[in-house]
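Asks: Pasted the sequence and its predicted model underneath.
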Protein chains: 2
Amino acid sequence: MLKPNDNLVDAIYADLRLKLQRSAVSPADRLVDTEIANAHGISRMPAREALLRLVSEGYLVGTTRGFAVRELSLDDISGLFEVRRQLEPRAAACAARDMTPEIEAEITAAMNRVELALSRSDIPALLAANVDFRNAWLKAVNNPHMAATISRFIDYFQSVRLGTFADPGAAYQYIDGLSRIHAAFLAHDPLMAQDRMTLFMFAAEEAYLSVRRRQLEEAETARPARRRTRKRGTA
Amino acid sequence: MLKPNDNLVDAIYADLRLKLQRSAVSPADRLVDTEIANAHGISRMPAREALLRLVSEGYLVGTTRGFAVRELSLDDISGLFEVRRQLEPRAAACAARDMTPEIEAEITAAMNRVELALSRSDIPALLAANVDFRNAWLKAVNNPHMAATISRFIDYFQSVRLGTFADPGAAYQYIDGLSRIHAAFLAHDPLMAQDRMTLFMFAAEEAYLSVRRRQLEEAETARPARRRTRKRGTA
DNA sequence: TCGCTGGAATCAGTATACCGTTTGCGCAGG
DNA sequence: CCTGCGCAAACGGTATACTGATTCCAGCGA
C-alpha cells in the first residue's frame, strides 16, 4: 500500500501497477472499481481513475464486465519488440557508461537474487528479482524519458513472462542473457552492453513468441473462440 | 467536437488533444475542468478525467490553479530527441518500404499545404499541415506501437514548434528537411528515408533547443523566477 | 433435454455535492 | 505608499447517487 503522494489515485495506481509487474493478476481475473474501492476503504472514483489510467497506458482493457489485463497478440509482441530493439541497446550502452558504484551494487544484488530464485525454481521470486534488476539498471540511464518509455514497454510483457519462466530451459537461457548483460555493465563497456542487449532482445522476442503461440493454441483447443473485449479506443 | 466513441471522456480528450496539436493552448493558459465541462454542456467528471489522462501522458501538468501545458526544459528536449533519433529513422524506413499510393497522395497533399502555408507565412495553417503530414506518413508504419510512441513524442513539442515556425529562416530549413523526407518516401527508398530522417532529427533538435533557450532567456529577464507547478508525480 | 425469453444483477459512465487547500485580493495598520 | 493579515473565491480531490447497457440465470415451453 504505497502512498507516492498524498493522493488516493496515485496510491491505487502504484498498487495495481506493482501487482501487474509481479504478474499477480491473471488475464482471467476481472478488476472492478467497487471491489478495489472497498478493499482500500475508499470510494469508487479514485479506484476507477487508476483503472482508466492503466487502460489508457495499454496495460488493461475494458470489458463489459470489469477491467482485464491486456493479452498480447503475436503481432503485438513483434511490434513491441521492434520498438524495444531500437531503444534498449542504446539505453544499455548509456547505462554501462554512466554506471555508479551504488547502482552496480544494486544490479549485482538483484542478479544474485535472480540466480538464487532460478536455482530454487521460485517463480514469484524470479519475477520480482527480474523487475528489480531492470529498475536498477534503468536508474543509470540519465535520460528519464528513455527510461520511462523502456519501462513501460517491458511491463507489457508481464503476463507472458510468467509463461516463459515456467519452462526451465527458456528461463535458464533468459537468465544467462541477463547475466551477460550484467557483466557488461560491471565492465563499464558500452559497446559490449549494447551488443549483448541486442542479442538479448532477439532471444527474448523468440521466447515470448513461442510461449504465446503455445498459449493461444491451448486456448483454441480448449474453447472454440469466446470472450469479448469492448471497443474502448485510446484515441 | 469529435465523438470517437460514444463516451464523453474520449470526446473531450480528442478535442483537447487536437487543440494541443494545433498549439491552440499557450503555456500561460489554464485549463479548468468546470470551464471545459459547461463549454461542452456536461458535468465535471468527464472533463476532469480527460485532463488527468493528458497529465498522465505528460502533455499537461497540474498546478494549484487549473492544468497547464507542460513546458519543456532543455534537458527534456535533449532527452526526448535521443528517443526520437532511435525510433523515427527506423519508422521512416518502414514507411518508405510500405508506402501505398493512397498514403503517397496524402503526404503529397499535406506537403503542398505546408509549402503554401510557408509561402503565405500562415503559421496556424503551417502547424496544421505539419501535423497532417506526420499523421499521414505514420499511417504507412505497420507497427501501431511504433507509430503511437512516435506520435506521442512528437506531440510533446507543439508548444516549442510554434516558436520555431515564427522564425522564417528556421521554418524554411525545417520545411526543406521535410520535403527531402517526402521525396524519399515517394522514391520508396528506405535507406534514403532513414538517413534523411536522421539528419532531420539532429536539425530539429538544434532548432528547438535554440528556440527554447531564447524563450527561457526572455522569460528570465521579464520576471526573476515566478510561477509554481505542483508536485503531481506520474509514479 | 434443449432452446428461448424475461427479469435481476452487475458494472461502467455520468452527474451532483461536499471538503480541504491554495491563492489572490482587499483592507487596515505602519 | 508599502506591508502584513485575513477572508472569500477558485479549484482539485473525493464521495455518493443515478442511469443505461450488458450479461447471466432461471423458468417456461417445445
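Replies: Received the coordinates, thanks. Numbers count the residues shown, from 1 in each chain, chains lettered A, B, ... in the order given.

Asks: the strands in chain A, which residues?
Replies: Along chain A, counting by DSSP state E, strands occupy A:60-62, A:67-69.

Asks: could I get these as TSV with distance to DNA strand C?
Replies: Where C-beta positions appear, they are placed from N, C-alpha and C, glycine not excepted. TSV is the format used below for these (distance: least, C-beta to the nearest atom of the strand, whole Å):
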stretch	distance to DNA strand C
strand A:60-62	5
strand A:67-69	5
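
Asks: most packed of those?
Replies: Comparing these by mean neighbour count (mean count of other C-beta atoms under 10 Å in any protein chain shown), strand A:67-69 ranks first with a mean of 22.

Asks: ok, and the closest non-adjacent residue to A:L118?
Replies: In this structure, A:L118 finds its nearest non-sequential neighbour in A:I175, 5.3 Å apart by C-beta to C-beta, 6 or more residues apart in numbering or on different chains.

Asks: So A:M146 is in contact with A:L87, correct?
Replies: Yes: between A:M146 and A:L87 a contact is recorded at 6.6 Å, counting by C-beta atoms under 8 Å.

Asks: Show me which residues of chain A sit near DNA strand D.
Replies: A:7-9, A:42-46, A:64-65, A:228 (C-beta under 7 Å from any atom of the strand).

Asks: count of neighbours near A:P144?
Replies: By the criterion of other C-beta atoms under 10 Å in any protein chain shown, A:P144 has 13 neighbours.

Asks: So for it, what's the pLDDT?
Replies: What the model reports as pLDDT for A:P144 is 97.

Asks: go on, the one 5 residues further on?
Replies: Turning to A:T149, the model gives it a pLDDT of 97.

Asks: Tell me who's in contact with the closest residue to DNA strand C within chain A.
Replies: When scored by C-beta to the nearest atom of the strand, chain A has A:G66 as its residue closest to DNA strand C, at 3.8 Å. Counting by C-beta atoms under 8 Å, 6 or more residues apart in numbering or on different chains, A:G66 touches A:30-32.

Asks: Tell me which residue is most central in chain A.
Replies: A:D155 (2.6 Å; C-alpha atoms, centre = their mean).

Asks: Skipping adjacent residues, who's closest to that residue in space?
Replies: A:Q21 (6.1 Å).

Asks: tell me the contacts of that neighbour?
Replies: Applying C-beta under 8 Å, 6+ apart, we find A:Q21 in contact with A:127, A:131, A:155, A:158.

Asks: Chain A against chain B: which residues are in contact?
Replies: A:4-5, A:7, A:9-10, A:13-14, A:17, A:49, A:52-53, A:56-57, A:76, A:78-80, A:82-83, A:86-87, A:90, A:143-146, A:149, A:153, A:231-233, A:235 (C-beta under 8 Å from any C-beta of the partner chain).

Asks: count of neighbours near A:S179?
Replies: Other residues lying near A:S179 total 15 when counted by other C-beta under 10 Å.

Asks: Quick check: the residue nearest to it when sequence neighbours are not counted vs chain B, distance?
Replies: Nearest residue to A:S179 in three dimensions, chain neighbours excluded: A:M111, at 6.3 Å (C-beta to C-beta, 6+ apart). Distance, A:M111 to chain B, using C-beta to the nearest C-beta, to the nearest Å: 26 Å.

Asks: quick one: A:M111 and A:H182 touch, right?
Replies: Yes: using C-beta under 8 Å, A:M111 is in contact with A:H182, at 4.8 Å.

Asks: Tell me the helices and strands packed up against the helix or strand of chain A with the lowest mean pLDDT.
Replies: Ranking every helix and strand in chain A by mean pLDDT, DSSP states H and E puts helix A:158-166 at the bottom, with a mean of 86. Helices and strands touching helix A:158-166, by 3 or more C-beta pairs under 8 Å, 6 or more residues apart in numbering or on different chains; DSSP states H and E, are helix A:123-139, helix A:168-186, helix A:190-222.

Asks: May I see the buried residues of the second one?
Replies: When you say that, I think you mean helix A:168-186. For helix A:168-186, the buried set under the neighbour-count rule, 16 or more other C-beta atoms under 10 Å in any protein chain shown, comprises A:170-171, A:173-175, A:177-178, A:180-182, A:184-185.

Asks: can you check the shortest one too?
Replies: When burial is assessed from 16+ other C-beta under 10 Å, helix A:123-139 yields the following buried residues: A:123, A:126-139.

Asks: same thing with stretch A:48-66?
Replies: Of the residues in stretch A:48-66, A:48-62 count as buried by neighbour count, 16+ other C-beta under 10 Å.

Asks: Just the ones of those residues in helices?
Replies: A:48-56 (DSSP state H).

Asks: I figured A:G79 was touching B:V141, is that so?
Replies: No: if you go by C-beta under 8 Å, A:G79 and B:V141 don't touch, sitting 9.8 Å apart.

Asks: So between the two, which is more surrounded?
Replies: B:V141 (25 against 20).

Asks: residues touching the more buried one, list them.
Replies: B:V141 touches B:91, B:94-95, B:98, B:147, B:150, counting by C-beta under 8 Å, 6+ apart.

Asks: and those residues, which two are the farthest apart?
Replies: Spatial extent of the contacts of B:V141 (C-beta to C-beta) is set by the pair B:D98 and B:I150 at 15.1 Å.

Asks: okay, these two: which has more neighbours?
Replies: B:I150 (23 against 14).

Asks: Please determine how far that one is located from A:A117.
Replies: 37 Å (C-beta to C-beta, to the nearest Å).

Asks: Could you do A:A37 as well?
Replies: 34 Å.

Asks: for A:L209, same thing?
Replies: For A:L209, the distance to A:A117 equals 24 Å [C-beta to C-beta].

Asks: who has more neighbours, those two?
Replies: A:A117 (21 against 16).

Asks: before we move on, back to that, would you list the buried residues of helix A:168-186 in a markdown table and tack on distance to B:G163?
Replies: Formatted as a markdown table, the buried residues of helix A:168-186 follow (distance: C-beta to C-beta, whole Å):
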| residue | distance to B:G163 |
| --- | --- |
| A:A170 | 51 |
| A:A171 | 51 |
| A:Q173 | 50 |
| A:Y174 | 47 |
| A:I175 | 49 |
| A:G177 | 45 |
| A:L178 | 44 |
| A:R180 | 46 |
| A:I181 | 41 |
| A:H182 | 44 |
| A:A184 | 41 |
| A:F185 | 40 |
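
Asks: Could you single out the nearest of those to chain B?
Replies: A:I181 (18.1 Å; C-beta to the nearest C-beta).
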